[in-house]
Each structure stands twice: as structure tokens, then as C-alpha cells.
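**Student:** Here's a sequence, model it:
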Amino acid sequence: MTAITASMVAALRAKTDAPMMECKKALTEAAGDMDKAEELLRVKLGSKASKAADRITAEGVIASAVSGDTGALIEINCETDFVSKNDDFLAFANAVAALVASSNPADVAALSALPLSLAGFGPTVEDVRKGLIGKIGENMSIRRFKRYAAGGQLASYLHGTRIGVIVEFTGDAVAAKDVAMHVAAMKPVSLSSSEVPSELIDKERSVATAKADEANRELVAAGKPAQSAEIVTKRIEGAVQKYLKEVSLLNQVFVKAADGKQTVEQMLKDKSTAVKGFTLYVVGEGIEKKVDDFAAEVAAQAAAAAAAAAARG
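**Tutor:** This next block holds a predicted model:
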């Protein structure tokens, strides 16, 4: 039987905002599987239990560089929030973003081997990174980047240094900038509902199915007839379609809509503007930050002290 530790419960609570005891129950039922436990909480507590996207699990910055129809967005990580505000670290991130835009490296390894100077000589990105580690005393890494150079118009938006967006578009630049800000706020996973990754759809269908099953069990327990298979299927598919609208950019309600109903797609149509694609980076998204089990650490220290005392005696 998998032992459910306090650190596991704390990590799940940080991801979901669910009550501590509910997190422990979910982890126990899921035999310690964090993803499965999160799904179980969503079934029991509703969609509000899933807030992983709002929880930053690593430190660092997002930097961008846009010049005409060429641009880049990059995430560079560090260990602490303190270093993410360091002037040298920020200058490094901005310089590397500009280098991505100008040099078109194939991947992080190729980028690391390039001279950081746009003049094409001097220390490489990797040399500078190692130098900063030595100077600041904290590890840092280049995680990912996205480059645009297909000839389309580009709009970018940085929410501080923790969220960054680039939007590729044709049409009105102000409307595109508004879309970039919308993406930062609403965090869509795709441009349209047809582009939502299948694994996300499957997960949502699984959650909806589990919710429907639990609703039927509650009806039966209360002495009422369970819903028919046809009704259950409609509920599940209705939940999936609702999810697709909520996570696809064009179907989302535009954050600046005066009537609270206008979708992003309708706003763009009014502005004679089309969005071809976008990239959204959130610092630390998807990275698990180590959670210390302080109770276990204290117990271990006490045991070690007791063992040392016994040895001396």
C-alpha cells in the first residue's frame, strides 16, 4: 500500500485548493497517483478543484523579442524568485530572446552553442549561463523557446516577467494586442476547438463520465431511478463541448467585451482581423517544485541525534 505523506497532500492541495482531508482521501483512493487524485477531486468537488495553471511551480522569467515579422518568446528558469529579479539574469534572458529571433537555432542545444553577441563572436550562451551561475550562486537553465518568421504580423504581451504571449495575425494591430492580453488572462490551450489536444479531451470526457456515474449512484442511494444511458451520454458530451468552448481562444468570451458575451472570434471579425496562431508561456508551468516534508525532516534529525547520543553513551 502506497504511503500518503504530508508533502504529497500539501502538493495536491497547492494544485487544487481542495480541503486537506479531501486531498488525503483522493490520494489514498488513487494509491498515490497525483494526476488520478486530481481527477477524483474534480469529480467530487467540481471544476474549481483544478487550478494547476494558476500555480507557479518553478521560478524564472519569460522574455520576448519582436522586430517586424520576426519574433521570439523564451522561458529561462532559476531556483528562486529573488534571482528572477536580478538585473544580470534579466539582461541575459532578453539577450537570448533577441538571439533566438535573429539566429533561428534548431533547439536549446543549438542555441546554447551560439555566441551571445549578435555580432557573432565572443562567449557562447552556455559560457555566459555558466558564468552567471558562478556569479549569482544559483542554477539556471533555458527551458524552451518559440520563434516566428513566417512573414505574418506579430503582437506580443508580457505580464510582468512571468507570463508571455506572441500572437501571429493579419489586420488591426490594436485588436491583436488585445488578443495577446486576453490569452495571458484566460490561458486558452488552442486557437479553435478542433485543435484542442486529444489527450485533454479524453481526460475531460473521463472526468465527465465519472461525475455522471457518481450522480447516478447518489440517485440510487436516495431511492430514485438512475438516469438513462441516453441522458448520461448527452450530459457527458455536453460537458465536453462546454470544455472545448472554454479552452479554445476563438470561442472564449473576449475579456474586454462590453456586453460580457462577445467572443474573441466575433471581436476579430468586427475589426477585420484574423489570428493565425499564438504561443503562451507561463513561468514554471508543468514543472514540479520540490515540497519539503518538514515533519519527516525533523523526525529524521531527532532520530539521528538520539542515535548519536546512544553511541556516545
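
**Student:** Name the residues of the longest helix that the chain contains that are buried.
**Tutor:** In the chain, taking DSSP state H as the definition, the longest helix is helix 198-221. Using 16 or more other C-beta atoms under 10 Å as the test for burial, helix 198-221 gives 203-204, 207-212, 216. Using the backbone N, CA and C atoms, a C-beta is placed for each residue, glycine as well.

**Student:** Likewise for stretch 170-177?
**Tutor:** In stretch 170-177, counting by 16+ other C-beta under 10 Å, buried: 172, 175-177.

**Student:** what does stretch 80-96 give?
**Tutor:** Neighbour counts over stretch 80-96 (16+ other C-beta under 10 Å) mark 83-84, 86, 89-90, 92-96 as buried.

**Student:** Now tell me what touches it from outside.
**Tutor:** Contacts to stretch 80-96, defined as C-beta atoms under 8 Å, 6 or more residues apart in numbering, come from residues 59-61, 63, 65, 74, 76, 78, 111, 116, 125, 128-129, 132, 135-136, 138, 140, 142, 161, 283.

**Student:** Show me where the chain has its strands.
**Tutor:** Taking DSSP state E as the criterion, the chain contains strands spanning 59-67, 70-78, 140-148, 153-159, 163-170, 274-282.

**Student:** which helices and strands does the fourth one pack with?
**Tutor:** It stands for strand 153-159. strand 59-67, strand 70-78, strand 163-170, helix 173-186 (3 or more C-beta pairs under 8 Å, 6 or more residues apart in numbering; DSSP states H and E).

**Student:** Could I get the CA-only coordinates of it as PDB?
**Tutor:** Taking Å, rounded to 0.1, in the frame of the first residue of the first chain, the C-alpha atoms of strand 153-159 are listed here in PDB:
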ATOM      1  CA  GLN A 153       2.300  40.400 -38.300                       C
ATOM      2  CA  LEU A 154       3.200  39.800 -34.700                       C
ATOM      3  CA  ALA A 155       1.800  41.200 -31.500                       C
ATOM      4  CA  SER A 156       3.400  40.400 -28.100                       C
ATOM      5  CA  TYR A 157       2.400  41.000 -24.500                       C
ATOM      6  CA  LEU A 158       4.400  40.400 -21.300                       C
ATOM      7  CA  HIS A 159       2.500  40.300 -17.900                       C
END
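
**Student:** is it true that residue 30 touches residue 43?
**Tutor:** No: contact criterion C-beta atoms under 8 Å: residue 30 and residue 43 do not qualify, at 11.4 Å.

**Student:** now residue 146: how far from residue 104?
**Tutor:** 12 Å (C-beta to C-beta, to the nearest Å).

**Student:** More neighbours: the two, which one.
**Tutor:** residue 146 (18 against 13; other C-beta atoms under 10 Å).

**Student:** For the more buried one, give me the pLDDT.
**Tutor:** Residue 146 carries a pLDDT value of 97.

**Student:** Excluding covalently adjacent residues, which one is nearest to it?
**Tutor:** residue 279 (4.4 Å; C-beta to C-beta, 6 or more residues apart in numbering).

**Student:** what about residue 221, distance to residue 4?
**Tutor:** Distance from residue 221 to residue 4, by C-beta to C-beta: 27 Å.

**Student:** List the contacts of residue 125.
**Tutor:** Going by C-beta under 8 Å, 6+ apart, residue 125 touches 96, 99, 111-116, 142.

**Student:** and this structure, what are its domains?
**Tutor:** When the chain is parsed with automatic domain parsing, its domains come out as 1-55, 59-151.

**Student:** can you tell which of the ones you listed is closest to residue 189?
**Tutor:** Closest approach to residue 189 among these (C-beta to C-beta): domain 1-55, 9.3 Å.

**Student:** quick check: mean pLDDT across that closest one?
**Tutor:** The model assigns domain 1-55 a mean pLDDT of 74.
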